[in-house]
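1. Next input, structure requested:
(chains A and B)
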Amino acid sequence: MTPIRDSTGAPHARLLGVGGYRPSRVISNDDICQLIDSTDEWIQTRSGIVNRRWADDHETVQMMGVAAARAALEHSNIAPEEVGCVIVATVSHLLQTPAVAPLIAEELGTNKAAAFDISAACAGFCHGVALGADMVRAGSAKYVIAIGVERLSDLTDRTDRSTAFIFADGAGAGIVGPSDVPGIGPVVWGSDGAQFDLIRQKETWGDAFAAEDLTWPHLRMEGNPVFRWASFEMAKIGAQALEAAGVTVDELDAFIPHQANMRITDAMARALKIPAHVVIARDIAQQGNTSAASVPLAMERMIADGEISSGDTALLIAFGAGLTYAAQVVTVP
Amino acid sequence: MATTEEIRTGLAEIVNEVAGIPADDVQLDKSFTNDLDVDSLSMVEVVVAAEETFGVKIPDDEVKNLQTVGDAVAFIERSQ
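-> All right, here's what the predicted structure looks like:
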């Protein structure tokens, strides 16, 4: 048997920087209520959302992904040529083939970095961070960019009063690189395909085109079962991620869950018994639910606002269609 | 086995904790939505807490049938 050499990576991985891109169009609840029978008060009570951002025509998935990744590279002081892999988590890049990641890697100026998309819906960014950390530790890449980017406004039925006010657009990115000490705890992740129907594109593209009435296959969601699953089952996953990292809730500085709905964030925080000193991400109020982009966008805002600083300990947890979920404890870059 | 009144009292404490409604207002004839202003998301939280407190299972399909406090108390009593 011919011996095969193996790669060696860094002892540990950490987040070195984060960046975000918030699209230009601010859409208020009153704007949303032009097409649905609802009110600003109802939307705020049910979701905590006051405004959301929707992308303009020029703010494509590629454009927003590049902008967020550039900001993250700048924050981490890493040159694009040093990046070994670009992972893009998205469900709203409407050109199905090829992936958007190679275009983003090219536009960023990486040196032909490996690049691919992953489809883990709202849980995408935490999946990307987990993959990136494993690559850095295994030696597959020295630096990895994990990007979450969505234009959910393209997939939203603006006349559906249960989802029209929730979904939004934006991009967030994190740079994962080598570290002497652990900066990204073990990922606790999984899926529950038995609940595939709870959040989904309502039909396949094929079915949509075959129908007599050609309609766009929008996203739809069963609100109450999703609320129950996200608030209570996901709190258990968050607790497992803390345990896996050997960190107690009292040792946390920040709790940064996927910005799905403020009520889910509140219920999860209660279930996890998050102490009062821990800062809780509430980016959803002005950003809406940006799916894969929400965790890095929230982290970026908390750093910019001085709510958290480099070296703080944060619990990340993201969950969504699939159902899919991933959680890890990280050191704030 | 908890009695009807014990279940109502336990449920009242849960509704108070989840939605801030005074426990004394949570009487058997009260509608969660119309009288107590418990919205559908708060109702999910009430149901999950009730499942833990009373050791019963309240399926999602059943929740919509629990219009009044009395409906919920009766369901829990039957499920014990």
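2. Name the surrounding residues that touch the helix or strand of chain B with the lowest mean pLDDT.
-> Every helix and strand in chain B was compared by mean pLDDT, DSSP states H and E; the lowest is helix B:60-63, with a mean of 86. Helix B:60-63 is touched from outside by A:Asn224, A:Pro225, A:Arg228, B:Met43, B:Val44, B:Val47, B:Phe75, with contacts defined as C-beta atoms under 8 Å, 6 or more residues apart in numbering or on different chains. In this view, the C-beta of every residue, glycine as well, is placed from N, C-alpha and C.
3. run the last query once more with 6 Å
-> Here helix B:60-63 makes contact (C-beta atoms under 6 Å, 6 or more residues apart in numbering or on different chains) with A:Pro225, B:Val47.
4. near chain B, which residues of the stretch 151-300 of chain A show up?
-> A:Asn224, A:Pro225, A:Phe227, A:Arg228, A:Phe232, A:Arg263, A:Ala267 (C-beta under 6 Å from any C-beta of the partner chain).
5. Now render those residues as a markdown table, adding secondary structure, neighbour count and pLDDT.
-> Shown next, in a markdown table, are those (DSSP: H, G, I helix; E, B strand; the rest coil; neighbours: other C-beta atoms under 10 Å in any protein chain shown; pLDDT from 0 to 100):
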| residue | secondary structure | neighbour count | pLDDT |
| --- | --- | --- | --- |
| A:Asn224 | helix | 17 | 86 |
| A:Pro225 | helix | 17 | 88 |
| A:Phe227 | helix | 23 | 91 |
| A:Arg228 | helix | 20 | 90 |
| A:Phe232 | helix | 20 | 90 |
| A:Arg263 | helix | 20 | 93 |
| A:Ala267 | helix | 24 | 91 |
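6. quick one: which of those residues is nearest A:Phe196?
-> Closest approach between these and A:Phe196, by C-beta to C-beta: A:Pro225, at 12.2 Å.
7. got the contact list for that closest one?
-> A:Leu198, B:Asp60.
8. at 10 Å instead, please
-> Contact analysis of A:Pro225 by C-beta atoms under 10 Å, 6 or more residues apart in numbering or on different chains lists A:Gln195, A:Asp197, A:Leu198, A:Ile199, B:Val44, B:Asp60, B:Asp61, B:Val63.
9. Chain neighbours aside, what residue packs nearest to the first one?
-> Beyond its immediate neighbours in the sequence, the residue positioned closest to A:Gln195 (C-beta to C-beta, 6 or more residues apart in numbering or on different chains) is A:Leu323, lying 4.8 Å away.
10. Burial check on the one you found, number of neighbours?
-> By the criterion of other C-beta atoms under 10 Å in any protein chain shown, A:Leu323 has 24 neighbours.
11. Same check on A:Gly65?
-> Neighbours of A:Gly65 using other C-beta under 10 Å come to 32.
12. Show me what the one helix or strand it maps to is packed against.
-> Using DSSP states H and E, A:Gly65 falls within helix A:61-76. Contacts defined by 3 or more C-beta pairs under 10 Å, 6 or more residues apart in numbering or on different chains; DSSP states H and E place helix A:61-76 against strand A:12-21, strand A:83-89, helix A:101-108, strand A:143-151, strand A:169-179, helix A:294-304.
13. Quick one: work out the angle between the second one and strand A:169-179.
-> Following axes from the mean of the first three to the mean of the last three C-alpha atoms, to 10 degrees, one obtains 140 degrees for the angle between strand A:83-89 and strand A:169-179.
14. With the last one instead?
-> Here helix A:294-304 points in a direction 80 degrees away from that of strand A:169-179 (the same axes, to 10 degrees).
15. try the fourth one
-> Using the same axes, to 10 degrees, one finds that strand A:143-151 and strand A:169-179 are set 170 degrees apart in direction.
16. which residues does residue 73 contact?
-> In the absence of a named chain, chain A is used. Applying C-beta under 10 Å, 6+ apart, we find A:Leu73 in contact with A:16-17, A:19, A:79-80, A:82-83, A:108-110, A:143, A:145, A:173, A:175.
17. Oops, wrong one, chain B.
-> Counting by C-beta under 10 Å, 6+ apart, B:Val73 makes contact with B:2, B:4-11, B:26, B:28, B:50, B:54, B:66.
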